[in-house]
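Peer 1: fold the stuff below for me.
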Amino acid sequence: MMEWNKLPRSQWTSSSQSRASMMRLSAVPHRRIIFLLSTCCWLLLLTQHRHHSAHAVSVMDLLNLQESDVIDLTHPFNNQTVYYPTMEQLGFTFQLGTVYRGVDKRGHYSAAYWFQAAEHGGTHIDAPLHTQENGSSVEGIPVTQLIGAAVVIDLSREARRNPDYKVSVEDFESWEAQNGRIPSNSILLLNFGWARRWPNRNALYGTKHFPEDTVFRFPGVSIRAANWVLRHRTPKAIGTDAPSIDPGSEQRLFPVQHLLGRANVIVIEFVANLDRMPPIGAIVIGLPMKIDGGSGAPVRLIAVQLQNAFFPSDDMFTPAPVTRRIKGQRKNATAARDRLAVTSIEPVSPTPNPTNTRVTSKGSKDHLDRSKIVAANNNCWRPAISNNIMRHLILLSIYSILLTVR
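Peer 2: Next up is the predicted model:
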């Protein structure tokens with residue numbers, strides 16, 4: 001562009017007019033950009049509104065639950081409750097005694113009882129403190145860590161053939177080929193068919209003289225499979241209907257229990273009624289007794305099958321980081337997973353099964369359309385936009401509209 005002081009005076013007017021016309025032309029793409037920016041802002045706002053509407057539908061489903069939609073995954077606690085052999089040998093089993101029971105002088109009936117029990121018996125959880133000196137105890141476990149999407153893997157046939165069966169990476173890959181990828185932050189439940197043996201102690205532990213025997217035979221997870229699922233699928237809890245997450249042959253070293261403890265993954269043992277659970281489409285809720293400083297606790301575990309079943313996304317029920325005290329300091333424990341020395345295995349690319357089977361409490365089966373599950377997942381579980389971002393988007397969209405109008 002020529003400098004104004006080098007132009008003849010006769011050309012100043014025409015040059016200024018041409019410059020003004022050029023500025024008007026150059027403003028056109030800027031207005032287009034502003035218009036597109038405003039449109040994007042409003043689309044984000046509409047997406048946020050859609051997110052809240054979808055959550056309202058899910059809340060209504062929870063409020064209108066039927067008895068058949070809830071599966072109790074907890075064994076009752078009584079004088080038949082099975083505990084780990086060490087607890088049984090020391091006499092730390094479930095005991096229920098009477099404080100008072102009767103009718104008073106006014107004819108009013110009342111009853112009160114006392115009970116005592118060890119931590120590790122019946123349907124219970126193992127906190128990281130169970131195997132890690134500085135691990136989190138029961139009261140330090142976030143409530144959200146035992147609320148999540150249920151992933152149920154049926155290995156009852158394999159365990160029936162081999163009571164020492166160890167879950168392999170191929171078992172996880174086979175499940176994913178039928179049902180889709182295991183989402184992160186899910187609750188992984190292993191059905192070995194072992195709950196059918198409850199409360200037969202010898203049958204559960206695979207011994208002839210419980211609790212004196214030291215050789216046990218029951219299924220569990222291999223260390224290679226545990227490494228793979230922690231590295232590639234990152235569940236926040238793993239449950240089994242067997243006495244331990246480690247197989248009976250590994251009850252001296254507990255390699256998987258130690259690995260999960262270091263990763264702050266909660267272990268749930270002696271889970272009931274997994275044979276009534278669908279592979280996907282249910283939400284698990286676990287509420288353990290809040291024992292201050294406990295290494296484990298009894299847990300009331302249930303599963304909820306929503307009518308509009310869906311396969312939750314990775315953002316669902318993301319737990320808060322588990323923290324623990326180490327020499328007076330609080331240390332974030334979520335980085336433990338990054339320090340795991342695991343086998344390098346590439347994740348699989350599963351082919352989703354078009355249908356899935358849902359098992360009701362009456363034992364009947366009805367097929368759920370997997371396309372509806374995926375559609376509900378895409379529509380319902382979108383990451384929320386924070387209120388601060390919402391305010392900025394509204395202001396930016398208003399400012400963009402004003403500039404476009406001018």
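
Peer 1: now Phe94: how far from Ser136?
Peer 2: Separation of Phe94 from Ser136 (C-beta to C-beta, to the nearest Å) stands at 25 Å. C-beta coordinates here come from the backbone N, C-alpha and C atoms, glycine included.

Peer 1: no no, Leu146
Peer 2: Taken as C-beta to C-beta, the span from Leu146 to Ser136 is 13 Å.

Peer 1: can you tell me the SS state at Ala112?
Peer 2: Three-state assignment for Ala112 (DSSP: H, G, I helix; E, B strand; the rest coil): strand.

Peer 1: give me the nearest residue to it, chain neighbours excluded.
Peer 2: Val99 (4.3 Å; C-beta to C-beta, 6 or more residues apart in numbering).

Peer 1: list the contacts for the one you found?
Peer 2: Ala112, Tyr113, Trp114 (C-beta atoms under 8 Å, 6 or more residues apart in numbering).

Peer 1: swap in 10 Å and give it another go.
Peer 2: Ala111, Ala112, Tyr113, Trp114 (C-beta atoms under 10 Å, 6 or more residues apart in numbering).

Peer 1: on that earlier part again, so what sits against both of Leu146 and Ser136?
Peer 2: By C-beta under 10 Å, 6+ apart, the residues touching both Leu146 and Ser136 are Ile266.

Peer 1: ok, back up a step: JSON lines please, covering the contacts of Val99 and showing pLDDT, neighbour count and distance to Asp72.
Peer 2: Compiled in JSON lines, those are given as follows (pLDDT from 0 to 100; neighbours: other C-beta atoms under 10 Å; distance: C-beta to C-beta, whole Å):
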{"residue": "Ala111", "pLDDT": "96", "neighbour count": "9", "distance to Asp72": "24"}
{"residue": "Ala112", "pLDDT": "96", "neighbour count": "8", "distance to Asp72": "25"}
{"residue": "Tyr113", "pLDDT": "96", "neighbour count": "10", "distance to Asp72": "22"}
{"residue": "Trp114", "pLDDT": "96", "neighbour count": "9", "distance to Asp72": "25"}
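
Peer 1: wait, is Gly239 part of a helix?
Peer 2: No: the assignment for Gly239, made by three-state DSSP, is strand rather than a helix.

Peer 1: that one and Val103, how far apart?
Peer 2: For Gly239, the distance to Val103 - C-beta to C-beta - is 43 Å.

Peer 1: and these two? which has more neighbours close in?
Peer 2: Gly239 (29 against 9; other C-beta atoms under 10 Å).

Peer 1: helix or strand: which one has the closest residue to that one other than its chain neighbours?
Peer 2: Of all residues not flanking Gly239 in the chain, Ile268 sits nearest, at 3.4 Å (C-beta to C-beta, 6+ apart). Per DSSP states H and E: Ile268 is located in strand 266-269.

Peer 1: list the helices and strands that strand packs on?
Peer 2: strand 124-126, strand 187-191, strand 237-240, helix 255-262, strand 282-288, strand 296-305 (3 or more C-beta pairs under 10 Å, 6 or more residues apart in numbering; DSSP states H and E).

Peer 1: looking at those, which is nearest to Ala203?
Peer 2: With C-beta to C-beta as the criterion, Ala203 lies closest to strand 237-240 of the helices and strands packed on strand 266-269, at 15.6 Å.

Peer 1: partners of that closest one in the sheet?
Peer 2: Here strand 237-240 is paired, per DSSP bridges, with strand 187-191 (parallel), strand 266-269 (parallel).

Peer 1: and the helix or strand just after the longest one, average pLDDT?
Peer 2: Which is strand 187-191. Once the chain leaves strand 187-191, the next helix or strand it forms, by DSSP H and E, is helix 201-205. Mean pLDDT, computed over helix 201-205, is 94.

Peer 1: can you check stretch 83-102 too?
Peer 2: Mean pLDDT, computed over stretch 83-102, is 92.

Peer 1: check the separation of the first and last residues in that stretch.
Peer 2: End-to-end span of stretch 83-102 (C-alpha to C-alpha, to the nearest Å): 32 Å.

Peer 1: equivalent analysis for stretch 203-211, please.
Peer 2: So stretch 203-211: terminal residues 12 Å apart, C-alpha to C-alpha.
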